[in-house]
Every structure is written in C-alpha cells, then in structure tokens.
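**Student:** Take this sequence and fold it.
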Amino acid sequence: MTKVTAKLNYLHIAPRKVRLIANALKGLSVNEAEAQLLFRPQRPAKPLLDLLRSAAASAKYNHKLNPDKLIISSIKVDQGPMIKRSLPRAMGRATPLQKKMSHISLILEEKSLVKSPRFNIVITKKEKTPKKESKAVKPKIGVAKVAKPKEQVGFFRKMFNRKSV
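**Tutor:** The predicted model follows:
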C-alpha cells in the first residue's frame, strides 16, 4: 500500500480550531472529505481543502494512484511557533497575546475496498473576458449649453425646506 504525505506548515490559525475540522475528516475518502470541506463555514476549511487537493494531485500525478480509491488514513495537527504580542490595559499594565500557528500533516492511503463516490465535484474555471476597446472621446466643438427649465417643487420639498419661505 502506497502512502502519500502532504504537509502545511505555519498556518496562522490556532491548532485547537484546526483540529475540530481535521478530526471530522479521518477515514473518509478524498471525494467525501472534499465535499465536507467545501460546505464548512469555518476558517480552517479552506486551507485544509487546498492541502487535500494538493495531496490528491500528488498521488495522482507523481505516484500514479487512482484518486477514487484514496482515503485519509491520518491527519495530524501540531502547534507551530507562537508570535507573542502584548495588549495595553488600564493603569499601565499589559496583557499578553499569543498568536498561534499550526503544522498540519495529511497522509493519504490507497485502499481497494472504497465505496463509489456519492458526490460529483466540478471545479469551474474562470473564463477570461476580452478587454473592451477604448472609445476615444471626441471633443464637441461649438455646442452651447442650454439652460434647463426649473422643475416644479413638490409639496414636501416646499414645506420641509431648510430655508424659510
């Protein structure tokens, strides 16, 4: 059995928050996990989706594995370095802030007994629109400005005018 590993280091999201999403993906097929991540509103879902797609593409093109038979055998979220800052408080005090980072490692494994995919995920690519041709503005020569007739003032405009009548 071939295993494919993909890593994502220095993700600026706390590991505790990433683990909530990552633990839901263990043991799922790649197709099922991708469908799960597409509809998750949480912030770690997008980086995990990118990591999953990267690992699947690596398995397909570099290791010649069938992407339909791949499952997530393990996903591990470790804590990376912390950026330490402080927040000013009352009476000259300071409160420490810890901006945490995560290291994620994802291992895909090929299994022969995988159910047929429930979802058909289609990735649409953006089409380039042709640039509009710039139309040169022709200067108008000899055009006199015509004064427009003054429009009639409505009742409310007349009553609630800022200036007195």
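
**Student:** Can you report how many residues lie near Glu110?
**Tutor:** 19 (other C-beta atoms under 10 Å). Every C-beta, even on glycine, is put in place using the N, C-alpha and C of the backbone.

**Student:** for Leu65, that is, sorry about that
**Tutor:** What Leu65 shows, counting by other C-beta under 10 Å, is a neighbour count of 19.

**Student:** Nearest residue to Thr95 in space, ignoring adjacent ones along the chain?
**Tutor:** Leu87 (4.6 Å; C-beta to C-beta, 6 or more residues apart in numbering).

**Student:** Now the lengthiest helix in the chain: buried residues?
**Tutor:** For the chain, the longest helix by residue count, based on DSSP state H, is helix 45-61. For helix 45-61, a neighbour-count test (16 or more other C-beta atoms under 10 Å) marks Ala45, Pro47, Leu48, Leu49, Leu51, Leu52, Arg53, Ala55, Ala56, Ala59 as buried.

**Student:** and the angle for the helix or strand just after it with helix 45-61?
**Tutor:** Counting by DSSP states H and E, the element after helix 45-61 in chain order, helix or strand, is strand 70-79. In terms of direction (axes from the mean of the first three to the mean of the last three C-alpha atoms, to 10 degrees), strand 70-79 departs from helix 45-61 by 130 degrees.

**Student:** quick one: the helix or strand following strand 70-79 to chain centroid distance?
**Tutor:** Note on strand 70-79: by DSSP H and E, the next helix or strand toward the C-terminus is strand 83-88. With C-alpha atoms, centre = their mean, to the nearest Å as the basis, strand 83-88 stands 27 Å off its chain's centre.

**Student:** now do stretch 41-48
**Tutor:** Taking mean C-alpha positions (C-alpha atoms, centre = their mean), stretch 41-48 and its chain are 7 Å apart.

**Student:** Contacts for that stretch next, please.
**Tutor:** Leu8, Leu11, Ile13, Lys17, Val18, Leu20, Ile21, Ala22, Leu25, Leu37, Leu38, Ile104 (C-beta atoms under 8 Å, 6 or more residues apart in numbering).

**Student:** Quick check: the fourth one vs Val4, distance?
**Tutor:** By that I understand Lys17. Counting by C-beta to C-beta, to the nearest Å, the gap from Lys17 to Val4 is 25 Å.

**Student:** Counting neighbours, go ahead and name the busier of the two.
**Tutor:** Val4 (21 against 15).

**Student:** Retrieve the pLDDT associated with the most centrally placed residue in the chain.
**Tutor:** In the chain, the centroid-proximal residue (C-alpha atoms, centre = their mean) is Lys46; its distance is 4.9 Å. Looking at Lys46, its pLDDT is 95.
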